[in-house]
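1. I'll drop the sequence and a predicted model, then ask my questions.
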Amino acid sequence: MPEFDALFAAAAAIQPRAYAPYSRFKVGSALLADDGAVYAGCNVENAAYPVGTCAEAGAIAAMIAGGARAIRAVLVFGEGAELVTPCGACRQRMREFAAPDTPVAVAGPEGIRARFTMAELLPASFGPANLPR
Ligand code: THU
C-alpha cells in the first residue's frame, strides 16, 4: 500500500523524539486520516509509570485535534527483534475511529515487518455502534 511509505517516514521521524527514560523503548506511530493528512505521535512516559502514554494514543490525539475523525491506515515503528504490535488499550483506542478492515502495519528500522487488519487485532470488539442510541 503506497500510503504506508508516508506513514513509515512520519513514524520513523517522530520515534527519536519519544520520552521513554524508564523503558528506554522509543516508539513512533503515524496514521492516515479521512482528511488525507498524516498524524504522528510518540510514547511519553512518566515517573508515575501507569500515566505514560503510547505512541498510538499520541497520533490519535493529534488526529482529533487536527479535525479528522476516521483512521484509514496505521503504522507503528519501533526497534528490537520482536514485533511492536499495539497494546490492548491502543487497539481499543484505534478501534473507535477505524473500520474492521483498516490496515495496521508494524515496522522496524528496516521496514514493514507485518500487516494486520483492525479486526484481526481486536476481534468481536466493542465500538460506538454497540452503544444504545
Ligand atoms: N509502546 C507504545 O508506545 N506503543 C506500542 O505499540 C507498544 C508499547 C510504549 C509504551 C511504553 O512507553 C514503552 O513502549 C514500553 O512498553
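-> Arrived safely, thanks for sending.

2. CA atoms for contacts and neighbours, from now on please.
-> Fine.

3. where do the strands sit along the protein?
-> Under the criterion DSSP state E, the chain contains strands at 27-33, 38-42, 71-78, 103-108, 111-117.

4. so what touches the shortest one?
-> Read that as strand 38-42. Taking contacts as C-alpha atoms under 8 Å, 6 or more residues apart in numbering, the residues outside strand 38-42 that touch it are 6-7, 10-11, 14-15, 17-19, 26-33, 54-60, 62-63.

5. okay, the angle between that strand and strand 27-33?
-> On the basis of axes from the mean of the first three to the mean of the last three C-alpha atoms, to 10 degrees, strand 38-42 is oriented at 160 degrees to strand 27-33.

6. next one: strand 38-42 to chain centre, how far?
-> When distances are taken as C-alpha atoms, centre = their mean, to the nearest Å, strand 38-42 is centred 8 Å away from the chain's centroid.

7. pLDDT (mean, whole number) over it?
-> Mean pLDDT, computed over strand 38-42, is 98.

8. parallel or antiparallel, which strands does it pair with?
-> strand 27-33 (antiparallel) (DSSP bridges).

9. follow-up on the earlier one: which of the contacts of strand 38-42 are buried?
-> 7, 10-11, 14-15, 18-19, 26-33, 54-60, 62-63 (16 or more other C-alpha atoms under 10 Å).

10. those also near the ligand: which ones?
-> Near the ligand, taking C-alpha under 6 Å from any ligand atom as the test, the members of the buried ones among the contacts of strand 38-42 found are 27, 54-55.

11. tabulate the residues you listed (CSV), appending pLDDT.
-> Supplementary listing: these in CSV, determined by pLDDT from 0 to 100:
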residue, pLDDT
Val27, 99
Cys54, 98
Ala55, 99
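
12. can you name the residues of the chain that neighbour the ligand?
-> If contact is defined as C-alpha under 6 Å from any ligand atom, the residues of the chain in contact with the ligand are 20, 23, 25, 27, 43, 45, 54-55, 84-87.

13. which of the residues you listed count as buried?
-> By neighbour count, with 16+ other C-alpha under 10 Å, those hold 20, 27, 43, 45, 54-55, 84-86 as buried.

14. nearest residue to the most centrally placed residue in the chain in space, please, no chain neighbours.
-> When the chain is reduced to its mean C-alpha position, the nearest residue by C-alpha atoms, centre = their mean turns out to be Glu56, at 3.3 Å. In space, and not counting its chain neighbours, Glu56 is closest to Ser29: 5.5 Å by C-alpha to C-alpha, 6 or more residues apart in numbering.
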